[in-house]
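# coords below, sequence missing:
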């Protein structure tokens, strides 16, 4: 494989950077579209970055943004460890240009097992009273499929650390939002709860998820038709009669 280094634009949710990257890094950043993404590449040496653009400042800066990272070495599922997570941050306004997570399999010959639930304080996660049926966690401990649950069960008190916080992109490589938690909706179907770019929580049917790795990549859902006004691309629920998605502009 060629190790030639090229200057490329690498996109993030809050801007982009211009950096010299290898062919291997380009392949990691390619999600199938024309753009390359920082979330898939991970941490780059600041010396490799020549300039960056901040969406908040609406301005391009010379040199590298600030790069902050930590090494939690957290076991997020069987044979999968979160070894590093970090952010690219604008040195002027402090906005996050991009986030990344690097995972590692201790045993490369084995697959990845079930995600590890994190126990949390129930009182801190209870939402305000609502008439909607609360989401409940599926049980993957026995067969890898969800166990039917009562609609009267308590709201979610655990999350899957292997997917929570990951950046979610659609099949067109557009950022949808950030994964929040996995749950079961009122029809007993597994869904991924995502905080979209507007800060609102939306649910995405699990069968619409194409790949889960360093990011969550959506594909075309194989399930039943979505509710009226729901965008097939980003899952945003639009007003009845809308011809275009208010979130991503896709034709409805």
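Perfect, I can see it now. What you see is a predicted model; the values in this text were computed from it and never measured.

# Any buried residues in whichever strand or helix holds residue 103, and which?
For residue 103, the element it lies in under DSSP states H and E is strand 96-104. For strand 96-104, a neighbour-count test (16 or more other Cβ atoms under 10 Å) marks 96-103 as buried. (Each C-beta comes from the backbone N, C-alpha and C, glycine too.)

# Flag the shaky bits of the chain, pLDDT-wise.
1-3, 112-162, 184-188, 214, 220-229, 233-241, 246-248 (pLDDT under 70).

# try 50
1, 117-130, 132-161, 221-226 (pLDDT under 50).

# mind listing the helices for it?
23-29, 38-41, 122-125 (DSSP state H).

# helices or strands next to the longest one in the packing?
When you say that, I think you mean helix 23-29. strand 6-12, strand 36-37, helix 38-41 (3 or more Cβ pairs under 8 Å, 6 or more residues apart in numbering; DSSP states H and E).

# now those as TSV including distance to residue 80?
Below are the helices and strands packed on helix 23-29 laid out as TSV (distance: least, Cβ to Cβ, whole Å):
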stretch	distance to residue 80
strand 6-12	24
strand 36-37	21
helix 38-41	17
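
# if I look at residue 53, how far off is residue 211?
Distance of residue 53 to residue 211, computed by Cβ to Cβ, to the nearest Å: 28 Å.

# what's the answer for residue 173, then?
12 Å.

# distance of residue 50 from residue 21?
Distance from residue 50 to residue 21, by Cβ to Cβ: 11 Å.

# ok, the two, which is more surrounded?
Counted by other Cβ atoms under 10 Å, residue 50 and residue 21 do not tie: residue 21 has more neighbours, with 20 against 13.

# Verify the stated contact: that one with residue 27.
No. Counting by Cβ atoms under 8 Å, residue 21 sits too far from residue 27 to count as a contact (9.8 Å).

# Report the residue ranges of every domain in this structure.
6-70+87-99, 117-218 (automatic domain parsing).

# what about the closest residue to residue 203 other than its chain neighbours, neighbour count?
Among residues not flanking residue 203 along the chain, residue 191 sits closest, at 4.2 Å (Cβ to Cβ, 6 or more residues apart in numbering). Neighbour count for residue 191, taken as other Cβ under 10 Å: 22.
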